[in-house]
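Asks: Return a 3D structure for these sequence lines:
(one chain, ligands or ions: 2)
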Amino acid sequence: MNKQPTVTLGIESSCDETGVALYHSQLGLLAHALHSQIAIHTQYGGVVPEIASRDHIHRLVPLTQQVLAEANLSLSDIDGIAYTSGPGLAGALLTGAGFARSLAYGLDIPALGVHHMEGHLLSPLLEKPDLAFPFLALLVSGGHTQLIRVDGIGRYRVLGDTLDDAIGEAFDKTAKLLEMGYPGGPAVSALALQGDASIYTLPRPMTDRAGLEFSFSGLKTAVLNTWNKAKQSRQDLERALAQEKLNRLVVAGGVSANRRIRQTLTEIMHKRKGEVLFPRLAFCTDNGAMIAFAGSHRLQVGQHNLNLDFSVTTRWTLEELAPVET
Ligand code: KG4
Ligand code: ZN
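Replies: Ligands and ions are numbered 1, 2, ... in the order given. The predicted model follows:
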């Protein structure tokens, strides 16, 4: 098993952000750079896949040059390349995969396709690499709402999933309904800080169901949806902690940037005398650092894609991933 110190280049291009980062297996994160496409897609009210792909192509080389310059390194210092190979938009994923695989081929170094949600799941560990396993992970992004038991890197069991929309999607739909642009999370959460929670009483569906599923649709409006999701998630979370006898919680994904959600989850874990860990704000939404970090752990134990051909996976469950034995 190769445990030499290594530098991993991480590439994220699954949706509307191009993220590039350099991670050193012993020194930690060396540099990261991000280009958000929000300004480009906002006039369409959501991500236009073809435009996303084209923009990634423009950004990948300059962002890579930028992180190398920031870390004071050159291409020959890179030991391996990790890129998001799914889930996400096929065209957008292919731009990052094509770039990463050809650069790795040119440099004669290993490359590895990384699961986007594993990147999110492990991103809080960038702040605290020695966090002990097992823990419960709450993944809350634009495409996913999941409760996962984590027994180690690559050892994931999905305990609860959304039955329909993801929580970020509910934020985004709410914003669309209220004509607040895209993505909805930041705008809705900023507005919520000035709101009065006592004015409207909203229904709470499915709170007494036995399972750990979430539900994000079926409500008359997306506004009700968002409100309900937040409450639903809290109850599912507490049941999952009890069921799994866990008292360590990791929260990740774009929605983990939400101040109110952070506050509430911190209070819950404080009351339970447990531990909670969030990514730093810059790494809640999509970024290259989380891909470099997840990829570094896998490349370190010799995992990489051997064949010259490559593909991306638009649908992919975390439970299919290979464990990383440490
Ligand atoms: O993780 P992410 O960048 O992309 C996916 O993997 O899906 O998450 C994006 C989602 C969007 O739905 C966005 O509205 C939401 O995260 N989001 C937020 C906040 N910042 C981003 N939701 C609530 N509060 C926020 N502050
Ligand atoms: Zn994401």
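
Asks: For the residue of the stretch 151-300 of the chain found nearest ligand 2, which non-adjacent residue is spatially closest?
Replies: For the stretch 151-300 of the chain, the residue positioned closest to ligand 2 under CB to the ion is residue 286, at a distance of 4.3 Å. Just so you know, the C-beta spots here come from the backbone N, C-alpha and C atoms, and that holds for glycine as well. With CB to CB, 6 or more residues apart in numbering as the criterion, residue 286 has its nearest non-adjacent residue at 4.2 Å, and that residue is residue 17.

Asks: got a list of what that neighbour touches?
Replies: By CB atoms under 8 Å, 6 or more residues apart in numbering, the contact set of residue 17 is 34, 35, 36, 37, 285, 286, 287.

Asks: Tell me what it is bridged to.
Replies: residue 36 (DSSP bridges).

Asks: And the pLDDT at it?
Replies: For residue 17, the model assigns a pLDDT of 98.

Asks: Looks like residue 295 contacts residue 12 (just checking).
Replies: No - the pair residue 295 / residue 12 is not scored as a contact, 10.3 Å apart, by CB atoms under 8 Å.

Asks: which neighbours do these two share?
Replies: Listed contacts common to residue 295 and residue 12 are residue 83; contacts here mean CB under 8 Å, 6+ apart.

Asks: Now do the contacts for whichever residue of the stretch 101-250 of the chain sits closest to ligand 1.
Replies: Among all residues of the stretch 101-250 of the chain, residue 185 sits closest to ligand 1, at 2.0 Å; criterion: CB to the nearest ligand atom. When contacts are counted by CB under 8 Å, 6+ apart, residue 185 touches 168, 171, 172, 175, 254, 255, 257, 258.

Asks: What of residue 81?
Replies: Taking CB under 8 Å, 6+ apart as the test, what residue 81 contacts is 8-11, 100-101, 103-104, 109-112, 295.

Asks: among those, which are in helices?
Replies: Taking DSSP state H as the definition of helices, the contacts of residue 81 contribute 100, 101, 103, 104, 295.

Asks: Let's see the ChimeraX selection covering just the buried ones among the contacts of residue 17.
Replies: The ChimeraX command for the buried members of the contacts of residue 17 (criterion: 16 or more other CB atoms under 10 Å) is given here:
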select :34,35,37,285,286,287
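
Asks: contacts with ligand 1 among the contacts of residue 17, please.
Replies: Near ligand 1, taking CB under 6 Å from any ligand atom as the test, the members of those found are 285, 286.
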